[in-house]
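S.K.: Take a look and give me a structure for this.
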Amino acid sequence: MLRTRQLWWLCLLFAAFFVFLSVEVFAQSPVEKAVQEAISKGVIQKDAPKGLLGIPGAPRVNPILAFIWAIWVGWVFSSVGAFGGIMAGVGHMTVYGLGAYAKTFKTSMPALNKHITDSIRVSNQFLVALSALISSITYIRQKRLVLPLGLALGLGSLISTYLIAKTAGKVQFSQYQGYFGLCVLLIGAFMIYEITPRGSQRKKAAKEAAKAFQEAVKQKTDLISMGVKTLKFSISDCNISFFGQEFRFNPIWAFIGGAAISALSSFIGVGGGFLYVPFLTTIVGLPMYVVAGTSALAVLISMILSIINFMARGVIVDATLIGIQLVGIFVGSLIGPRTSKYIPEKILRWIFIVLAIYVGVDYVLRGFFNIKLLG
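M.R.: Predicted structure coming up:
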């Protein structure tokens with residue numbers, strides 16, 4: 001079992017990985033060339049104070065605001081296993097004002113606009129990846145992560161990463177985002193139905209496991225001894241137990257599901273947690289108390305691959321800003337798994353549902369009416 005010192009070492013390794021990639025990519029990045037071109041065209045004032053990515057005149061993000069928002073992002077993702085990338089995007093695009101800044105170059109300097117938006121996307125992924133790493137480790141220690149299931153979902157993402165790379169630039173999500181938003185709203189509506197007495201009858205095992213877990217938390221009894229245990233494992237059948245209830249799934253179907261979810265999430269440009277969670281609760285039938293950690297592990301695998309892919313193409317991030325945010329993510333992601341066990345499962349589901357409705361409405365408005373909410 002990983003101890004606190006080992007957790008710190010893993011996080012330090014992640015930070016070293018980030019610094020190495022940032023330094024190597026920055027030396028090869030075409031951003032500086034785009035900035036010089038913008039200066040020569042008079043789009044950027046050379047003597048203006050430098051901000052994001054060292055660009056003259058770019059916004060300077062308040063470090064305290066960045067730190068606090070990152071704590072929120074880390075807490076949300078580590079608590080429900082989803083919406084980390086979306087909340088990170090809201091922070092970068094709206095709260096920090098980087099989205100509006102990038103738009104100023106949409107027609108005058110499209111190349112610079114692309115560099116900034118790609119940088120924001122990879123920054124989102126770095127935050128989610130660290131949160132997923134910390135969450136996965138913490139939930140493994142708490143016996144609240146189904147390791148075979150998380151690995152099957154995550155490994156499925158390897159296939160979709162290859163396919164997305166092959167189709168990059170050939171299919172535009174903007175053509176379909178309204179319909180995608182309707183699908184997300186449908187997922188949220190179905191999860192609301194599952195909370196009702198009639199809907200919850202189909203998930204008796206999950207309901208009983210959650211009830212037993214909540215009772216154990218109240219009584220302050222040993223949670224680890226009743227945590228996730230693998231009872232049987234084969235390539236086509238896996239049985240696990242959690243607080244006296246057994247759950248069964250097919251790793252092959254989990255692998256296929258992970259590939260499909262990761263393909264769609266890569267297509268959209270988010271982490272995919274908000275699709276993993278309904279898969280785990282509705283199809284597999286797990287309680288929310290083990291869903292967050294399992295989803296985090298699957299997201300971690302896909303995020304690492306995606307980050308490497310983007311940075312290999314020359315995308316860079318703002319080292320100072322991302323460094324501050326990673327500290328906030330570390331704090332929030334340590335808090336999430338420790339506080340979520342005190343939150344009733346129904347509340348955890350409602351947190352997910354509210355955020356799903358926000359995402360669904362946002363995509364519907366963007367796709368059909370060209371209106372954006374936040375982010």
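
S.K.: Return the distance of the top helix by length along the chain from the chain's centre.
M.R.: Using DSSP state H, we find that the single longest helix of the chain is helix 110-141. Relative to the mean C-alpha coordinate of its chain, helix 110-141 is positioned 7 Å out (Cα atoms, centre = their mean, to the nearest Å).

S.K.: before we move on, what about stretch 123-142?
M.R.: Centroid separation between stretch 123-142 and its chain, computed with Cα atoms, centre = their mean, is 9 Å.

S.K.: what comes up buried for the longest helix of the chain?
M.R.: Residues of helix 110-141 classed as buried: 112-141 (neighbour count, 16 or more other Cβ atoms under 10 Å). The C-beta positions use only the backbone N, C-alpha and C, and glycine is treated the same way.

S.K.: Then stretch 279-298?
M.R.: 279-281, 284-298.

S.K.: And residue 134, how far from residue 344?
M.R.: 24 Å (Cβ to Cβ, to the nearest Å).

S.K.: so what's residue 45 up against?
M.R.: 39, 56, 57 (Cβ atoms under 8 Å, 6 or more residues apart in numbering).

S.K.: Please indicate which of those are buried?
M.R.: Of the contacts of residue 45, these count as buried by 16+ other Cβ under 10 Å: 39, 57.

S.K.: so which strand or helix has residue 240?
M.R.: Residue 240 belongs to strand 238-242 when assigned by DSSP states H and E.

S.K.: hmm, who's touching that strand?
M.R.: Counting by Cβ under 8 Å, 6+ apart, 144, 146, 148-149, 209, 213, 226-233, 246-251, 286-287, 289-290 sit against strand 238-242.

S.K.: cutoff 10 Å now
M.R.: 143-144, 146-149, 152, 205-206, 209-210, 212-213, 226-233, 246-251, 254, 284, 286-287, 289-290 (Cβ atoms under 10 Å, 6 or more residues apart in numbering).

S.K.: how about that strand: buried residues?
M.R.: Residues 238, 240, 241, 242 are the ones in strand 238-242 that count as buried (16+ other Cβ under 10 Å).

S.K.: Please apply the same query to stretch 309-316.
M.R.: For stretch 309-316, by 16+ other Cβ under 10 Å, it's 309, 310, 311, 315, 316.

S.K.: go on, stretch 148-158?
M.R.: 148, 149, 150, 151, 152, 153, 154, 155, 156, 157.

S.K.: mind listing what residue 71 touches?
M.R.: 325, 327, 328, 329, 330, 331, 332, 333, 334, 335, 336.

S.K.: Surely it is within a helix?
M.R.: Yes. According to DSSP: H, G, I helix; E, B strand; the rest coil, the state of residue 71 is that of a helix.

S.K.: Relative to residue 95, how far out is it?
M.R.: 13 Å.

S.K.: taking the buried residues of stretch 148-158 one by one, which sit in helices?
M.R.: The helices, defined by DSSP H, take in 148, 149, 150, 151, 152, 153, 154, 155, 156, 157 from the buried residues of stretch 148-158.

S.K.: before we move on, the earlier item: how far out from the middle of the chain is the strand holding residue 240?
M.R.: With Cα atoms, centre = their mean as the basis, the mean position of strand 238-242 lies at 25 Å from the chain mean.

S.K.: Not including adjacent chain positions, what is the nearest residue to residue 101?
M.R.: Among residues not flanking residue 101 along the chain, residue 59 sits closest, at 5.4 Å (Cβ to Cβ, 6 or more residues apart in numbering).

S.K.: tell me the secondary structure for the one you found?
M.R.: Assignment for residue 59 (three-state DSSP): coil.

S.K.: One more: the one 5 residues further on?
M.R.: At residue 64 the chain is in helix, as set by three-state DSSP.

S.K.: for the nearest residue to residue 70 once chain neighbours are set aside, what are its contacts?
M.R.: Excluding the flanking residues, the one nearest residue 70 by Cβ to Cβ, 6+ apart is residue 328, at 2.7 Å. Neighbouring residues of residue 328 by Cβ under 10 Å, 6+ apart: 63-64, 66-75, 91, 127, 130-131.

S.K.: Could you pull up the contacting residues of residue 61?
M.R.: Going by Cβ under 10 Å, 6+ apart, residue 61 touches 51-52, 69, 91-92, 95-98, 318, 320-321, 324-325.

S.K.: quick one: the helix or strand where residue 256 lies to chain centroid distance?
M.R.: If you go by DSSP H and E, residue 256 is part of helix 251-268. Centroid separation for helix 251-268 versus its chain: 14 Å, with Cα atoms, centre = their mean.

S.K.: could you dump it to PDB, C-alpha only?
M.R.: Below are the C-alpha coordinates for helix 251-268, written out as PDB (Å, rounded to 0.1, in the frame of the first residue of the first chain):
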ATOM      1  CA  PRO A 251     -13.400  -6.900 -18.800                       C
ATOM      2  CA  ILE A 252     -13.800  -7.200 -22.600                       C
ATOM      3  CA  TRP A 253     -16.900  -5.100 -22.700                       C
ATOM      4  CA  ALA A 254     -15.200  -2.700 -20.300                       C
ATOM      5  CA  PHE A 255     -12.300  -2.400 -22.700                       C
ATOM      6  CA  ILE A 256     -14.700  -1.700 -25.600                       C
ATOM      7  CA  GLY A 257     -16.600   0.800 -23.500                       C
ATOM      8  CA  GLY A 258     -13.400   2.500 -22.600                       C
ATOM      9  CA  ALA A 259     -12.400   2.800 -26.300                       C
ATOM     10  CA  ALA A 260     -15.800   4.200 -27.300                       C
ATOM     11  CA  ILE A 261     -15.800   6.700 -24.400                       C
ATOM     12  CA  SER A 262     -12.300   7.900 -24.900                       C
ATOM     13  CA  ALA A 263     -12.900   8.300 -28.700                       C
ATOM     14  CA  LEU A 264     -15.900  10.500 -28.000                       C
ATOM     15  CA  SER A 265     -14.200  12.500 -25.300                       C
ATOM     16  CA  SER A 266     -11.000  13.000 -27.400                       C
ATOM     17  CA  PHE A 267     -13.300  14.100 -30.300                       C
ATOM     18  CA  ILE A 268     -14.900  16.700 -27.900                       C
END
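
S.K.: That'll do, ta.
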